[in-house]
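# heads up, no residue letters with this:
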C-alpha cells in the first residue's frame, strides 16, 4: 500500500493528495506532527519537508518530485504533456505556484494562528496524546509553526505583497490561455498546483480550509477572499475543485 506522509492543513500536501487521486491510485494519508516530522523526513529522504510518498520501497519527497515520479511509474492519466512546449509551460507554472504557496502559507497561517484555534485542533487530531494533553500541546505546536514558517510581521507583510503580484500574473496567464485550463485542454500538473495553493484563501468546500456558517478569519482575510473570488483566476479555482477534484482519501488522514 502507498502511504502519503502529510500535514492535513498543508496545501502542498493537498497537491500531493490530488496528484494521487488524479492517477486513481490507492493510498493512505498518514499525519505527522509539525516539528517532530523533521527527524522522520531526514531519516527517510535526507530532507526536512512534507509531503513524502512511500511507494513500496521507494521514498519520494516534495510534491513536484512526486508528480514526476507518478508520471514515470504510472503513465495513465498523465499530469504533464509529452509535447516539449506544453511540458515547459506546465513546469514553469508549477514553479510559480511553489512560490505562491510559500506566501499563501505564511500569510494564511499568520491569520489562522492569531485569530482561531480551529487550525490547531486539526493539527493535533481528534484523538491521541496531543489531544489528551491539548492544554500543553497547542501552545507548543503554535510556537513551532510560528518559528518554522517565520510568521513575524515584516515577513508576513512581504508575503502579502508578493502574493498580490503572483495572483495578477497567474490571472493574466489564465485569461491568455482562454480560461479553462492553464496548459492544453485538460487537467494537469499546472492546474492542480495552482488550485491547491489558492484553496486556503478561497476556503474551498470539502477541503481543510472550508469554514462553517460563512465564518472567515478576519476582515482583511474576508476582503482578500472576495477580491480573489471576483477574478477569473478565483472563479477557475472554484470551478476546477467542483468539477475535477475527485478525492479518494479523507484529507484528515490517520
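Sure, I can see it. What you are looking at is a predicted structure, and each value in this text was computed from that prediction instead of being measured.

# low pLDDT regions in the stretch 1-150 of the chain?
113-150 (pLDDT under 70).

# any chance you could map the strands in it?
With DSSP state E, counting those that start in this stretch applied, the stretch 1-150 of the chain shows strands at 2-6, 27-31, 52-55, 58-61, listed in chain order.

# and those strands, which is most packed in?
strand 52-55 (a mean of 22; mean count of other C-beta atoms under 10 Å). For the C-beta atoms, the positions are set from N, CA and C on the backbone; glycine is no exception.

# what is that strand packed up against?
strand 2-6, helix 37-45, strand 58-61, helix 63-73 (3 or more C-beta pairs under 8 Å, 6 or more residues apart in numbering; DSSP states H and E).

# Serialize the ones you listed to a markdown table and add fields for distance to residue 21.
Below are the helices and strands packed on strand 52-55 laid out as a markdown table (distance: least, C-beta to C-beta, whole Å):
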| stretch | distance to residue 21 |
| --- | --- |
| strand 2-6 | 10 |
| helix 37-45 | 22 |
| strand 58-61 | 16 |
| helix 63-73 | 11 |
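
# so which of these is nearest residue 15?
Closest to residue 15 of these is helix 63-73 (C-beta to C-beta; 4.5 Å).

# and that closest one, what's buried?
Buried residues in helix 63-73, counted by 16 or more other C-beta atoms under 10 Å: 63, 64, 66, 67, 69, 70, 71.

# and what of stretch 12-26?
Here stretch 12-26 shows 12-23, 25 as buried, counting by 16+ other C-beta under 10 Å.

# now do stretch 100-116
100-113.

# that one: how far from the chain's middle?
12 Å (C-alpha atoms, centre = their mean, to the nearest Å).

# equivalent analysis for stretch 87-106, please.
Its chain's average C-alpha position is 11 Å from that of stretch 87-106, according to C-alpha atoms, centre = their mean.

# and which of the buried residues of stretch 12-26 is nearest residue 33?
Relative to residue 33, and with distances defined as C-beta to C-beta, the nearest of the buried residues of stretch 12-26 is residue 13, at 13.8 Å.

# list the contacts of that closest one.
4, 6, 7, 29, 50, 51, 63 (C-beta atoms under 8 Å, 6 or more residues apart in numbering).

# may I have the beta-bridge partners of the spatially closest residue to it that is not a sequence neighbour?
Among residues not flanking residue 13 along the chain, residue 6 sits closest, at 3.8 Å (C-beta to C-beta, 6 or more residues apart in numbering). Assessed by DSSP bridges, residue 6 has beta-bridge partners residue 31.

# tell me how far residue 6 lies from residue 246.
18 Å (C-beta to C-beta, to the nearest Å).

# for stretch 224-240, buried residues please.
224, 225, 228, 231, 233, 234, 236, 237, 238, 240.

# actually stretch 76-85, not the one I wrote
Quick answer for stretch 76-85 (16+ other C-beta under 10 Å): 77, 79, 80, 81.

# pretty sure residue 78 contacts residue 68?
No. The pair residue 78 / residue 68 is not scored as a contact, 11.3 Å apart, by C-beta atoms under 8 Å.
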